[in-house]
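Undergrad: give me a model of this one.
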Amino acid sequence: MPLPCDALRPHVGIQAERAISIAAPPPIVFCWLCQLRAAPYSYDILDNLGRRSPRKRDPELVRLEVGQRFMTMFALRSFVADEQITLLAEGVAVTYAVRPEGAGSRLHVRVVFGGPRPLARLLALGDLVMMRKQLLTLKSLAEREAASIR
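TA: Modelled structure (predicted):
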């Protein structure tokens, strides 16, 4: 299915798809995606200068405006509350799309790497490892929050 990041990188080097099911409703998952403004929620030693990504949500971070910084290197290009966030950095566009799935959510991430294919493939390989950790961390935090309000 088309996602907003597709229009940001018309000359694709590599397109990577990532997805995870989360036992939390889309609004909770989306709120945790907004936390990416503060930290990457991946391997903090590598991409957050050793600082632990926050485990408590900052409610101020859900106030989104195009142009805001995400994970230091990305700028917010577009968003639809509770549905998607699209980010852009030099040579990389990414959309995090949240859809209902049963009583929970499905988080689908598309990362589009521009540039020469060999470099894009190398970036996609590194992203696979980092994105896996990020999605598992966001899943854990969203599910913990959802369980606490049941």
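Undergrad: quick one, helices of this structure?
TA: 5-8, 26-34, 44-47, 117-148 (DSSP state H).
Undergrad: mind giving me the packing neighbours of the second one?
TA: With contacts defined as 3 or more CB pairs under 8 Å, 6 or more residues apart in numbering; DSSP states H and E, the packing partners of helix 26-34 are strand 84-89, strand 92-101, strand 104-113, helix 117-148. The C-beta positions use only the backbone N, C-alpha and C, and glycine is treated the same way.
Undergrad: okay if I get these as JSON lines plus mean pLDDT and mean neighbour count?
TA: Shown next, in JSON lines, are the helices and strands packed on helix 26-34 (pLDDT from 0 to 100; neighbours: other CB atoms under 10 Å):
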{"stretch": "strand 84-89", "mean pLDDT": "97", "mean neighbour count": "21"}
{"stretch": "strand 92-101", "mean pLDDT": "97", "mean neighbour count": "21"}
{"stretch": "strand 104-113", "mean pLDDT": "95", "mean neighbour count": "22"}
{"stretch": "helix 117-148", "mean pLDDT": "89", "mean neighbour count": "16"}
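Undergrad: and the ones you listed: which comes nearest P54?
TA: Of all the helices and strands packed on helix 26-34, the one in closest proximity to P54, counting by CB to CB, is helix 117-148 (9.2 Å).
Undergrad: turn the helices of the chain into JSON lines, including distance to A103.
TA: Shown next, in JSON lines, are the helices of the chain (distance: least, CB to CB, whole Å):
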{"stretch": "helix 5-8", "distance to A103": "28"}
{"stretch": "helix 26-34", "distance to A103": "11"}
{"stretch": "helix 44-47", "distance to A103": "31"}
{"stretch": "helix 117-148", "distance to A103": "9"}
